[in-house]
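Chemist: below are the sequence and a predicted model for it; my questions follow.
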Amino acid sequence: MNKAFHEPVALSRRMLKQAGVVLLGSAMLALPTAASALEKISYRTNWFPQAEHGGWYEAANAGIYAQYGLEVDQQPGGPQINNLQLLVSGRADFVMLHSSGQVLKAIEEDLPVVAVAAFYQKDPQAIMTHKGVGHDRLEDLKGQPILLSQDAHQSFWPWLKQKYGYTDDQVRPYTFQMGPFIADSGLSQQCYITSEPYAVRQADIDPNLFLLSDYGWQSYSTLIVTTTDTVKNKPELVERFVTASIDAWYQYLSDPSATNKVINQLNESQTEGQMANSLSEMRDRGILVSGDALENGIGSMNDARWKAASEQLKSIGLVKPDTDYTKAFTTRFIGTDTIKALVAKYPAVAASAAN
């Protein structure tokens, strides 16, 4: 994830490099002897190893990529890594982008990219406040100090200003540390619903949480994006990678125990408690499985939602009015019979999300 969508515990460059090496090693160990028969591709996530990306670590750890004929050089991202740049320069075949807005902005700039699946039906971006200080509704935050990253100004903050009458003079810089929020009950801040709230609960603070997608924020999140050339010339490859990722997510959600151990080895801040919290929040709030994904499977997207996201971003001036949202995505590789068979194979995943 980019700096606006992060984990509360920062990792060193050494750990990032180590994570890439160890992950590649685990993926390679999962491959069968005839590895040369597998098609090699590269994939970049957008943040450090974490349960929020558990399906892709499951794919590497459990040999699921190999089952789909793939040898995947899978590496983590971080705040200094530009996935879109890696993709258009040919240094990655597939990348993870956080939001619909990132893809739409790329289309506005005539970049030859396209989203082929959206793994999060709901953007996990949220606002976190203290209880008992009169900040119990988003409407209550007008005129009150709020901690935001710079990236928030290019995503949800203009929408919050439009919707609730917030102003830029409320903003305080978010340093990606929990100390200021914990120390000052008058502060509100952005958060990732699966991450920072867990950290502040360890300090005996039970925060109010406002998941922005529940208040009208239209963006999909955690999208797989590739180039238009790859979709045109290698559609079978795209389908295999998308389906392998979805298959792995169902397996991970059914039993994350083995892969969670791998994630913890790659990123020690991903403790058992943190990962259990992340999965619980994703399940209970329908982050991965809700809406179309209940029937058509994880990764689902539809035209109406992309249009709504585009119009929302245009209304707040983040995307130009003439940007063609239909170029941002394709539904060719999602909701297939194979993916619907996975929905049927893992009924408990949809049932737990529906509850």
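Modeler: Yep, that arrived. Residues are numbered from 1 along each chain as shown.
Chemist: from the contact counts, what lies against the one helix or strand residue 147 maps to?
Modeler: For residue 147, the host element (DSSP states H and E) is strand 146-148. When contacts are defined as 3 or more CB pairs under 8 Å, 6 or more residues apart in numbering; DSSP states H and E, strand 146-148 sits against strand 171-173, strand 188-192. Quick note: C-beta positions are derived from backbone N, CA and C, even for glycine.
Chemist: any idea of the mean pLDDT for that strand?
Modeler: Strand 146-148 shows a mean pLDDT of 98.
Chemist: right, and the helix or strand after that strand?
Modeler: helix 156-164.
Chemist: so how far is residue 179 from residue 131?
Modeler: 19 Å (CB to CB, to the nearest Å).
Chemist: could you check how far residue 313 is from residue 83?
Modeler: 19 Å.
Chemist: looking at the two, which one has more neighbours?
Modeler: For residue 313 versus residue 83, neighbours defined as other CB atoms under 10 Å are more numerous around residue 313 (25 against 22).
Chemist: related to what we said a few turns ago, just checking: what are the partner strands of the strand holding residue 147?
Modeler: strand 171-173 (parallel), strand 188-192 (parallel) (DSSP bridges).
Chemist: which among these is found nearest to residue 79?
Modeler: Between residue 79 and the strands paired with strand 146-148, the shortest gap by CB to CB is with strand 188-192, which sits at 13.7 Å.
Chemist: by contact count, what packs against the helix or strand that the closest one is followed by?
Modeler: As assigned by DSSP H and E, the chain's next helix or strand after strand 188-192 is helix 196-201. Helices and strands touching helix 196-201, as assessed by 3+ CB pairs under 8 Å, 6+ apart, comprise strand 125-129, helix 179-183, helix 272-284.
Chemist: hang on, the earlier thing: the more surrounded of residue 131 and residue 179?
Modeler: A count of neighbours by other CB under 10 Å puts residue 131 above the other of residue 131 and residue 179, at 12 against 9.
Chemist: can you get me a residue count around the closest residue to that one other than its chain neighbours?
Modeler: What sits nearest to residue 131 in space, not counting adjacent residues and going by CB to CB, 6 or more residues apart in numbering, is residue 208, at 5.6 Å. Residue neighbour count, defined by other CB under 10 Å, stands at 19 for residue 208.
Chemist: check the one 4 residues further on too.
Modeler: Residues contacting residue 212 under the criterion other CB under 10 Å number 23.
Chemist: on the pLDDT front, check the nearest residue to it once chain neighbours are set aside for me.
Modeler: Nearest non-adjacent residue to residue 212, counting by CB to CB, 6+ apart: residue 125, 5.2 Å away. Note on residue 125: pLDDT of 97.
Chemist: give me the angle between the helix or strand harbouring residue 265 and helix 272-284.
Modeler: Taking DSSP H and E as the definition, residue 265 sits inside helix 257-266. Taking axes from the mean of the first three to the mean of the last three CA atoms, to 10 degrees, helix 257-266 and helix 272-284 form an angle of 130 degrees between their directions.
Chemist: so which bits of helix 257-266 are buried?
Modeler: Residues 259-260, 262-264, 266 are the ones in helix 257-266 that count as buried (16 or more other CB atoms under 10 Å).
Chemist: so can I have JSON lines of these showing distance to residue 40?
Modeler: Supplementary listing: those in JSON lines, determined by distance: CB to CB, whole Å:
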{"residue": "259", "distance to residue 40": "22"}
{"residue": "260", "distance to residue 40": "27"}
{"residue": "262", "distance to residue 40": "21"}
{"residue": "263", "distance to residue 40": "24"}
{"residue": "264", "distance to residue 40": "28"}
{"residue": "266", "distance to residue 40": "21"}
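Chemist: I'd like to know how far the spatially most central residue of the chain sits from residue 143.
Modeler: The chain has residue 222 as the residue nearest its centroid, 3.0 Å off, counting by CA atoms, centre = their mean. For residue 222, the distance to residue 143 equals 33 Å [CB to CB].
Chemist: for the strand or helix carrying residue 103, list the C-alpha coordinates in CSV.
Modeler: If you go by DSSP H and E, residue 103 is part of helix 100-108. Taking Å, rounded to 0.1, in the frame of the first residue of the first chain, the C-alpha atoms of helix 100-108 are listed here in CSV:
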residue,chain,number,x,y,z
SER,A,100,-10.0,2.8,-8.7
GLY,A,101,-8.7,6.4,-8.7
GLN,A,102,-5.2,5.3,-9.4
VAL,A,103,-6.3,3.4,-12.4
LEU,A,104,-8.6,6.2,-13.7
LYS,A,105,-5.8,8.7,-13.3
ALA,A,106,-3.6,6.5,-15.4
ILE,A,107,-6.3,6.3,-18.1
GLU,A,108,-6.6,10.1,-18.0
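Chemist: for it, packing partners?
Modeler: Checked by 3+ CB pairs under 8 Å, 6+ apart, helix 100-108 has strand 113-120, strand 221-227, helix 303-315 packed alongside it.
Chemist: what lies in contact with it?
Modeler: Around helix 100-108, the neighbours that count as contacts under CB atoms under 8 Å, 6 or more residues apart in numbering are 84, 97, 113-115, 118, 154-155, 218-221, 223, 225, 306, 309-310, 313, 318-320, 323-325, 327-329.
Chemist: hmm, try it at 7 Å
Modeler: 84, 97, 113, 115, 155, 219-220, 223, 225, 306, 309-310, 313, 318-320, 323-325, 327-328 (CB atoms under 7 Å, 6 or more residues apart in numbering).
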